[in-house]
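Colleague: need a structure here:
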Amino acid sequence: MNQNVIDSLSLIERLGAPTPKLFKTIRNGGILLGLLGGAILGAEEQGINLPALVPFIGGKASLIAGLIASLTAQLAVDSEGYKKDHELDNV
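Modeller: As a prediction, the model looks like this:
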């Protein structure tokens, strides 16, 4: 299986394909960052007083950055893992 096969994967196929270890770490960090941003926004909505710096740093920006990092990292494909998963398809 050559690189052209991996380059031609659709978005849905990429989301379901194996992810390299580094990108799994980035994905999980992005999820945590998004959760932190969501928690800060939720606390503001509930009227909890937070120090002025917290909403500035951790509000919508961290929520959006976390979501983008997670989605981008999930789209990376581990070519060796993908080849192993699809070896039986060629038999």
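
Colleague: with adjacent residues omitted, what lies nearest to the spatially most central residue of the chain?
Modeller: By CA atoms, centre = their mean, the mean C-alpha position of the chain lies nearest to residue 70, the distance being 1.4 Å. Counting by CB to CB, 6 or more residues apart in numbering, residue 70 lies nearest to residue 30, which is 3.6 Å off, once chain neighbours are set aside. (C-beta placed from N, C-alpha, C; glycine too.)

Colleague: what does the helix or strand encompassing the one you found rub up against?
Modeller: In the assignment (DSSP states H and E), residue 30 maps to helix 21-45. Identification of contacts with helix 21-45 by CB atoms under 8 Å, 6 or more residues apart in numbering yields 19, 50, 54-55, 58-74, 76.

Colleague: and with 10 Å instead?
Modeller: By CB atoms under 10 Å, 6 or more residues apart in numbering, the residues outside helix 21-45 that reach it are 18-20, 48-50, 54-78, 81.
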